[in-house]
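[1] heads up, no residue letters with this:
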């Protein structure tokens, strides 16, 4: 099932070209339906927090200057103001000269999750979507923390919807820039699997319904320029598309 959030924050289920309105993410249908082409898709989740895993693919570890895989998930937080919907314009701020794409599988939490073991973790997941962890790479290197580099307005495109019926263990994750393949990985190549990531986070932090967990990016990250079209395609989910524009 594909859960969409649209127009003024309404929820619905996508079936073919139709969006059937629902009472909340998993609520009953209201009887209204709309053509997908006629609605404005919003960010499909409303997280209280976004937890991201860094360097979770060995190829990305190496391209960032490392050699050995991390011994435990390396986490950082992204503020919700960074969220940007499918079709939204990624801003290129004047204070960075090195804006990078990072395509990822994102996990959306469905139930309150605290101290949940890995073998039960997927039972707390609402579904999965695509994410583009936009990074001001130069500011990531110079700033004391990654707040500006990762959490600027519009730095986290997410969508286009949440797919609930999906096994996250072996999905392809691809990123295209202007139609050219730049990243390609499989979630089976992650250092830490989705259940392991969720169990680790929930061992010390309560995850709430709607919270988003980013699972890391494959190798091939690189720069963007104004006018680029970036597409993140996650197998079984769909394709998240955003253009890059000059920040106003």
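    Noted; the coordinates are in hand. Worth saying up front: this structure is predicted, and the values here are computed from it rather than measured. Residues are numbered from 1 along each chain as shown.

[2] break the protein into its domains for me.
    Recorded structural domains for the chain (assignment: automatic domain parsing) are 1-40, 43-246.

[3] reformat the ones you listed as TSV; add mean pLDDT and mean neighbour count.
    To be clear about C-beta, it is placed using only N, CA and C from the backbone, and glycine gets the same treatment. Converted to TSV, these look like this (pLDDT from 0 to 100; neighbours: other Cβ atoms under 10 Å):
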stretch	mean pLDDT	mean neighbour count
domain 1-40	97	15
domain 43-246	96	19
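
[4] ok, longest helix in the protein?
    Across the chain, the longest stretch assigned as helix under DSSP state H is helix 194-202.

[5] list the neighbours of that helix that are in contact with it.
    51, 53, 56, 72-73, 75, 105, 107, 113-119, 121-122, 124-125, 168-169, 187, 192, 207, 213, 215 (Cβ atoms under 8 Å, 6 or more residues apart in numbering).

[6] run the last query once more with 7 Å
    51, 53, 72-73, 75, 107, 113-118, 121-122, 168, 207, 213, 215 (Cβ atoms under 7 Å, 6 or more residues apart in numbering).

[7] repeat for stretch 90-103
    Applying Cβ under 7 Å, 6+ apart, the external contacts of stretch 90-103 come out as 84, 132-139, 152-154, 157, 173-175, 177, 183, 217, 221-224, 226, 230, 232, 242-247.

[8] for that stretch, the distance to its chain's centre please.
    Relative to the centre of its chain, stretch 90-103 is centred 16 Å away, using Cα atoms, centre = their mean, to the nearest Å.

[9] show the end-to-end separation of it, please.
    14 Å (Cα to Cα, to the nearest Å).

[10] so which strand or helix has the residue lying farthest from the centre of the chain?
    Most distant from the centre of the chain: residue 31, at 30.2 Å, with distances by Cα atoms, centre = their mean. Residue 31 belongs to strand 29-35 when assigned by DSSP states H and E.

[11] so which elements touch the helix or strand just after that strand?
    Next in sequence after strand 29-35, counting helices and strands by DSSP H and E, comes strand 50-54. Packing partners of strand 50-54 (3 or more Cβ pairs under 7 Å, 6 or more residues apart in numbering; DSSP states H and E): strand 74-78, strand 212-214.
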